[in-house]
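**Student:** quick check, what structure comes out for this input:
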Amino acid sequence: MVAEEFDDVGRMRGDIVMITDEECDVTEEWMRGWNHAKHRLGFRVFGVAVGAPPAAAAGSVLDALCDNLRSIDDLTDVHAAADLFRVI
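**Tutor:** Okay, here's the model as predicted:
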């Protein structure tokens, strides 16, 4: 959708939010395509790892994908949730 808006009207600087409760893996080829699209389209990526501290660890795949990555253990914690919405 970000690419469609860019191609149709030249709109840049979209935001993407990734929310996960697990670690993930991507291929190097996929990561190159992601980084190319991110550079071309100028979007920011926010990540939220829910109850999965390893997914938000430095050097994780999510860390490499995101510009701003947060880890949260309890979505009912109003202070943690407020921090997420303040950033995003």
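**Student:** need the strands for this structure, in chain order.
**Tutor:** Chain-ordered strands for the chain, with DSSP state E as the definition, fall at 15-20, 44-50, 68-72.
**Student:** who touches the longest one?
**Tutor:** Outside of strand 44-50, the residues that reach it under the criterion CB atoms under 8 Å, 6 or more residues apart in numbering are 13-21, 38, 55-56, 62-63, 65-73, 75, 84, 87-88. Yep, even glycine has a C-beta here, placed from its N, CA and C like the rest.
**Student:** now do the first one
**Tutor:** Applying CB under 8 Å, 6+ apart, the external contacts of strand 15-20 come out as 2, 43-50, 52, 55, 62, 65-66, 88.
**Student:** what of the last one?
**Tutor:** Identification of contacts with strand 68-72 by CB under 8 Å, 6+ apart yields 44-53, 55-56, 62-63, 80-81, 83-84, 87.
**Student:** so what strands line up beside that strand?
**Tutor:** In the sheet containing strand 68-72, its partner strands are strand 44-50 (parallel), by DSSP bridges.
**Student:** how big is the angle separating the partner strand from strand 15-20?
**Tutor:** With axes from the mean of the first three to the mean of the last three CA atoms, to 10 degrees as the criterion, the two stretches strand 44-50 and strand 15-20 enclose an angle of 20 degrees.
**Student:** which helices and strands sit right next to the longest helix along the chain?
**Tutor:** Using DSSP state H, we find that the single longest helix of the chain is helix 28-41. Judged by 3 or more CB pairs under 8 Å, 6 or more residues apart in numbering; DSSP states H and E, helix 28-41 is in contact with helix 2-9, helix 61-65.
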